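[1] Requesting a structural model of the entry that follows:
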Amino acid sequence: MSSPLVSVIIPSYNQAEYLGEAVRSVLDQTYQNFEVIVVNDASPDNTDEVIKRFNDPRLKYFVHEKNLRLSAARNTGINASLGEIIALLDGDDYLHSEKLELHVKFLEAHPEIGVSYNARFELNHSSNTIREMWRPPLEAGLVDLMQGFPFSPSDMVIRRDWAFKVGLFNPEMGTAEDTDFPCRLALAGCQFAGIDRALNYRRYHSGRGRKNLEGRLHDVERSLAAVLADPRCSAEAKALGHKAIKLHMMVIVSLALIQNEIPIAHKYLHQLIELDSSVIGGNPCELVEFLLSDSIADASLDHEQKLKAIFEQLPQELSYLSSQYNWAVQRGFLWKGIRAVIWGGLMDPHVYFERALASKAVVDETLTQATTYSLLNHEHEFGSAAAFKALSELKPLFNQLKARGGDLLAGSYLINRAFQHYQDREYSRVPDRILRACWNDPSYLKNRGVLSIFLRSLVKTAQ
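    Numbering: from 1, shown residues only. Next up, the predicted model:
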């Protein structure tokens, strides 16, 4: 019997409730030349019972006698694997049915790529409904990997040779394994490339706090220090220096404020501002925008109350930021409503828009462009009919908040589609999109780029 080409590694600790769905999502793949390896990291729940429900020779199961944590559990699975391609999957996430097929085809077509990754669906907290999409850039290098999280482990597929070349995951790096491992791959010369499809689902859990926030940040700092000290580190990455910790620190500050760990929040907030004072500049400032994003991540919770508590916990010298509280609350209602329309949510989107209208929320260019991006993501995954359905619902809601706000949104979406059709050489589809965009927003009639692709598409269609 030939060895499987792909090995899917699933570490599990206290995830029995979701593990069955994760395993089933692998067994139901359109590509079938795989093995799936589950590593029970001494979990105290009924993980054993979940695995016993499956009767498939491709499923292998290993149990740690004591809890060794995530990196070691992944290493156990990888060391036991046979596949030349290794796919990572957290025990509470699950895969799109075409995930393995598309990654195998991509890696076969691009032998120079050591790690492929993909966009993903972010799920509503404690739910299987989609909250939004995360679409990383299609190219990523060391600088990107140092600054944040362009892709998560469940998004990654790795060639076996590369995984072993860097010594697999390093358990000594604690909770920073998702920073350390990709950075070591990049330092070793591994090339990363993305697949422009959402191919897995990332689950979030309501009410599940994060422990040892300071330890988490220290782990990342140690990982980044090792990267900067490595002689293979590029000049560009070294120039980034200590500022690479910025996004990681923002995450810790936000979590500490949400979890009422005020001394930790103040400590790292001061360090964050010392690192990059621009985070508190502007109206709204980057810090407030980040806090808003975290406050609306769980749609089942009242973001207005969460934001109120957060702003009350800011240090005295930042009390002036309270002037941005109303903006954050209003924008939160808008984003919850927009997500509910586009992706489907936990509540009727009209409830959110009514609250936004009552609080005098503002629809501005930034929101219009961000909503356009979400609509384009939706179309990319579910087709133009689904995107136009969402747009037709959003248009009157935006018009209620701003005169012609919905018309401008429609124009923005249509003009972006026109340029995409032109780039894809679908010339016959360009004129209609442009005409409809101009009907909604006549200002495009003065745009030379729009007029240029309109005329060129007419000529190319006639040829």
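[2] what ranges of this protein fall below the confidence cut-off?
    The chain contains residues with pLDDT under 70 at 1.
[3] is the residue nearest to the spatial centre of the chain in a bridge, and if so with what?
    Ranked by distance to the mean C-alpha position of the chain (C-alpha atoms, centre = their mean), the top residue is Trp134 at 3.4 Å. Taking DSSP bridges as the rule, Trp134 bridges to Arg120.
[4] dump the residue contacts of it.
    Each residue near Trp134 by C-beta atoms under 8 Å, 6 or more residues apart in numbering is listed here: 119-120, 122, 202. Every residue, glycine included, has its C-beta placed from N, CA and C.
[5] List the buried residues in stretch 219-228.
    Of the residues in stretch 219-228, those with enough neighbours to count as buried (16 or more other C-beta atoms under 10 Å) are 219-224, 226-227.
[6] Now, those that are in helices?
    Secondary structure from DSSP state H places 219-224, 226-227 of the buried residues of stretch 219-228 in helices.
[7] quick check, nearest of those to Thr371?
    Val220 (32.2 Å; C-beta to C-beta).
[8] so that closest one touches Lys246, yeah?
    No: the criterion here is C-beta atoms under 8 Å, and Val220 misses it with Lys246 at 11.0 Å.
[9] got the contact list for Tyr13?
    By C-beta under 8 Å, 6+ apart, Tyr13 lies in contact with 40-43, 67, 70, 73, 91.
[10] Check Ile296 too.
    Neighbours of Ile296 in contact, by C-beta under 8 Å, 6+ apart: 303, 332, 335-336.
[11] okay, those residues in a markdown table with distance to Phe398 and secondary structure next?
    Formatted as a markdown table, the entries for the contacts of Ile296 read as follows, by distance: C-beta to C-beta, whole Å; DSSP: H, G, I helix; E, B strand; the rest coil:
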| residue | distance to Phe398 | secondary structure |
| --- | --- | --- |
| His303 | 20 | helix |
| Gly332 | 16 | helix |
| Trp335 | 13 | helix |
| Lys336 | 15 | helix |
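[12] Can you list the strands that the helix or strand encompassing Lys60 pairs with?
    Using DSSP states H and E, Lys60 maps to strand 59-63. When pairs are called by DSSP bridges, strand 59-63 turns out to pair with strand 34-40 (parallel).
[13] Show the subsequent helix or strand relative to the strand it pairs with.
    From strand 34-40 onward toward the C-terminus, using DSSP H and E, the following helix or strand is helix 47-52.
[14] if we can go back for a sec, from the ones in helices among the buried residues of stretch 219-228, pick the one nearest Phe149.
    Closest approach to Phe149 among those (C-beta to C-beta): Val220, at 10.6 Å.
[15] Roughly how far does the closest one sit from Ala390?
    Per C-beta to C-beta, to the nearest Å, Val220 is found 37 Å from Ala390.
[16] And for Leu27?
    As defined by C-beta to C-beta, Leu27 lies at a distance of 32 Å from Ala390.
[17] Comparing the two, which shows the higher neighbour count?
    Neighbour count, other C-beta atoms under 10 Å: between Leu27 and Ala390, Ala390 has more, with 22 against 14.
[18] Kindly indicate whether that one is helix, strand or coil.
    Put simply, Ala390 is helix when judged by DSSP: H, G, I helix; E, B strand; the rest coil.
[19] ok, it touching Ala340?
    No: using C-beta under 8 Å, Ala390 makes no contact with Ala340, being 10.1 Å away.
[20] and stretch 182-193, how far from the chain's centre?
    Averaged C-alpha coordinates place stretch 182-193 at 20 Å from its chain's average position (C-alpha atoms, centre = their mean, to the nearest Å).
[21] Can you give the contact residues for that stretch?
    For stretch 182-193, contacts defined as C-beta under 8 Å, 6+ apart pick out 106, 110, 112-117, 138-142, 145-146, 156, 158, 162, 165-167, 170, 223-224, 227, 230, 232-233.
[22] Where helices are concerned, which of those residues count?
    In helices, judged by DSSP H, the following of those are found: 106, 142, 145-146, 162, 165, 223-224, 227.
[23] farthest-separated two in these?
    Across these, the longest distance by C-beta to C-beta is 29.3 Å; it joins Phe106 and Leu224.
[24] Next, the buried residues of stretch 371-384.
    The neighbour-count criterion (16+ other C-beta under 10 Å) identifies 371-372, 374-381 as the buried residues of stretch 371-384.
[25] hey, where'd the helices end up in the stretch 301-450 of the chain?
    Under the criterion DSSP state H, counting those that start in this stretch, the stretch 301-450 of the chain carries helices at the ranges 303-312, 325-343, 349-358, 365-382, 384-401, 405-423, 430-440, 448-462.
[26] name the helices or strands packed onto the helix or strand hosting Lys267?
    Assigned by DSSP H and E, Lys267 falls within helix 262-275. Counting by 3 or more C-beta pairs under 8 Å, 6 or more residues apart in numbering; DSSP states H and E, the packing neighbours recorded for helix 262-275 are helix 213-229, helix 246-258.
[27] These into CSV, with extra columns for distance to Leu287?
    Shown next, in CSV, are the helices and strands packed on helix 262-275 (distance: least, C-beta to C-beta, whole Å):
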stretch, distance to Leu287
helix 213-229, 16
helix 246-258, 7
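[28] and of those helices, who's closest to Asn128?
    Between Asn128 and these, the tightest spacing by C-beta to C-beta is seen for helix 246-258, at 23.7 Å.
[29] returning to that earlier point: most surrounded residue in the contacts of Tyr13?
    Neighbour count (other C-beta under 10 Å) singles out Gly91 as the most crowded of the contacts of Tyr13, with 30 neighbours.
[30] hang on, that one is in a strand, isn't it?
    No: with three-state DSSP as the criterion, Gly91 is coil rather than part of a strand.
[31] residues in contact with it?
    With contacts defined as C-beta under 8 Å, 6+ apart, the neighbours of Gly91 are 10-13, 15, 18-19, 22, 38.
[32] Would you list the strands that the longest strand belonging to the chain pairs with, along with their directions?
    Criterion DSSP state E: the longest strand present in the chain is strand 192-202. The partner list of strand 192-202 in its sheet, established with DSSP bridges, is strand 94-95 (antiparallel), strand 115-123 (parallel), strand 139-140 (antiparallel).
[33] ok now it, how far from the chain's centre?
    Chain-centre distance of strand 192-202: 10 Å, with C-alpha atoms, centre = their mean.
[34] Could I get the CA-only coordinates of it as PDB?
    Output in PDB follows, covering the C-alpha atoms of strand 192-202 (Å, rounded to 0.1, in the frame of the first residue of the first chain):
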ATOM      1  CA  PHE A 192       5.400  31.300   1.200                       C
ATOM      2  CA  ALA A 193       2.400  31.800  -1.200                       C
ATOM      3  CA  GLY A 194      -1.300  32.100  -0.700                       C
ATOM      4  CA  ILE A 195      -4.300  30.500  -2.400                       C
ATOM      5  CA  ASP A 196      -7.000  33.100  -3.000                       C
ATOM      6  CA  ARG A 197      -9.900  31.000  -1.600                       C
ATOM      7  CA  ALA A 198     -11.300  30.700   1.900                       C
ATOM      8  CA  LEU A 199     -10.600  27.000   2.700                       C
ATOM      9  CA  ASN A 200     -11.000  26.600   6.400                       C
ATOM     10  CA  TYR A 201     -13.200  27.800   9.300                       C
ATOM     11  CA  ARG A 202     -11.800  29.300  12.400                       C
END
